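1. model this:
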Amino acid sequence: MTAHVLCSEIFVSGQDPAQVFAQTIAPYPGIRLLARHIHYAVDRTRRDVRVDLFGHFAAHAVYRDKLGCLLLQGTGTVDDASPAEASASPPPLMPDIAGPAVVEPDNPALRAALDQVFAEPSAPPHRWVKAVVIVHDGRVVAERYAPGIGIDTPLLGWSMSKSVTNALVGILVQQGKLTVDAPAPIAAWRDANDPRHAITLDNLLRMTSGLAIAETGSGFDPAARMLFTEHDMAGYAEARSLRDPPGTAMHYSDASTQIVSRIVRDAVGGTGAAEQNFARRELFGPLGMRSVVMEQDSTGTPVGSSFILASARDWAQFGLLYLNDGVVGDRRILPEGWVDYSRRSTLGTSYGAGFWTNAGTDVGARGRIRGGVPCDTFFATGTLGQRVYIIPSAALVIVRMGVTQRFPDFDIAGDNRLIRSVLATLGPRPQPACAAAFVRPSGPS
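-> Numbers count the residues shown, from 1 in each chain. Just a heads-up that it's a prediction; the model follows:
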């Protein structure tokens, strides 16, 4: 993890290595006690990062231009290192959400809300907020960045990447190339006698596949092993056995979405370059997302569970796609009903299909609503406090990026305060009819 994150933050995001190590890596549970024994070397000529623990257990990550960073495994060979050369991005269908300068809020209450978000406590746990962008009615009304971060700085989304993978699947459903309710197109599961044959793409998107791919945060669980020790991430996840019948239990895991990323790759041409081009042509280009970097594993499959980087403004433009029901300009990118499908609760939890949601009946959803977050809110989220909040009833998208070492929820209370403050500046508005928004029994097929 140290090697990969340092490489991405240094060479893609342009951050200072010492600050990245001190803020993102050293305080992390499981690393905290070992941090003083971790040694890293950044070679800006070779454009790589090498890390060892106690002088052993070496790790090596390399920077590859538009492909971002790659954590080398085993012999260090790469099956698919080809960059996405071909099609140029199409012209954006979405108008710019802001000009070239940082948008300073006119409203004193908005300025005060940003002051509060960026205020740093005198003692740990720290917030270390990096960027906030607030978009109302399609335009940025306020934004702020930490020193060293700008409007074009790609920021690591961590598990917000899962929401991007959701969008790529939605596009393929719209094009008739994938069906969420059919058995997932995985070669290893084709045998009807294999109990994994019953796993659908919907199960994978909703974390109800039943596979033994638990994510516990221990560093020893299957999801961590997949991300940081496996040459073929999706192949490792696909080979896991079942622990539950598909559709009966929800277990959140990066491995589930990584299998989906391989499905997307296979559906658009079978190579990493094909998936990179597909994403740029069908999603990032139309949205005007110019800073996106999708990092890959050694087989060329984008790490669609965890390692997509984009500027805070680009993450906001991504949120606008879902605020606008999957339509950009006069073009429908996502199928009709896809947004409702994505934000519908899975088995009563706060998780939908690649997004988190206030539609659940669990403690998290109820707590956010009590904290003043509208009940129709859904959001992309990643570890350490990366979030894109989408609030249809207020025509509002709020992006909040940081390395907030407040476990386990990364200062969700601070986010609730920010949302309440922003809503207060908008004045009276109709209350969302949430019950009607989430009762659909099934999503698009």
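2. residue contacts, T257?
-> By Cβ atoms under 8 Å, 6 or more residues apart in numbering, the contact set of T257 is 161-162, 165, 204-205, 304-305, 354. Every residue, glycine included, has its C-beta placed from N, CA and C.
3. confirm that it sits in a helix.
-> Yes - checked against DSSP: H, G, I helix; E, B strand; the rest coil, T257 lies within a helix.
4. which residue, neighbours along the chain excluded, lies closest to it?
-> The spatially closest residue to T257, leaving aside those adjacent along the chain, is S305, at 4.0 Å (Cβ to Cβ, 6 or more residues apart in numbering).
5. I'd guessed that neighbour sits against V164; true?
-> No - contact criterion Cβ atoms under 8 Å: S305 and V164 do not qualify, at 10.0 Å.
6. what sits in contact with each of these two?
-> Overlap of the contact sets of S305 and V164 (by Cβ under 8 Å, 6+ apart) is empty.
7. now, the contacts of T257 that are in strands?
-> The strands, defined by DSSP state E, take in nothing from these.
8. from these, which is closest to W315?
-> Proximity of those to W315 was ranked by Cβ to Cβ; the top entry is S161 with 10.7 Å.
9. right, and that closest one touches G304 too?
-> Yes - contact criterion Cβ under 8 Å: S161 and G304 qualify, at 5.6 Å.
10. between those two, which one's more packed in?
-> G304 (33 against 29; other Cβ atoms under 10 Å).
11. list the contacts of that one.
-> Contacts of G304 by Cβ under 8 Å, 6+ apart are 161-162, 164-165, 168, 257-258, 260-261, 264, 294.
12. let's see 7 Å
-> Counting by Cβ atoms under 7 Å, 6 or more residues apart in numbering, G304 makes contact with 161, 164-165, 257-258, 260-261.
13. over to R290?
-> D314.
14. give me that answer again for 8 Å
-> Taking Cβ under 8 Å, 6+ apart as the test, what R290 contacts is 89, 152, 284, 311, 314.
15. buried among those? Make that a ChimeraX selection.
-> Here is the ChimeraX selection string for the buried members of these, based on 16 or more other Cβ atoms under 10 Å:
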select :89,284,311,314
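16. who are the contact partners of the residue nearest the centre of the chain?
-> When Cα atoms, centre = their mean is applied to the chain, the residue found nearest the centroid is M160 (1.4 Å). Neighbour list for M160: 308, 315, 380-382, 386-388 [criterion: Cβ under 8 Å, 6+ apart].
17. could you find the closest non-adjacent residue to A198?
-> Nearest non-adjacent residue to A198, counting by Cβ to Cβ, 6+ apart: P246, 4.9 Å away.
18. the one you found in helix, strand or coil?
-> coil.
19. what's the neighbour count on it?
-> The number of residues near P246, taken as other Cβ under 10 Å, comes to 21.
20. surely it and G210 touch.
-> Yes - with contact taken as Cβ under 8 Å, P246 and G210 are classed as touching, separated by 4.6 Å.
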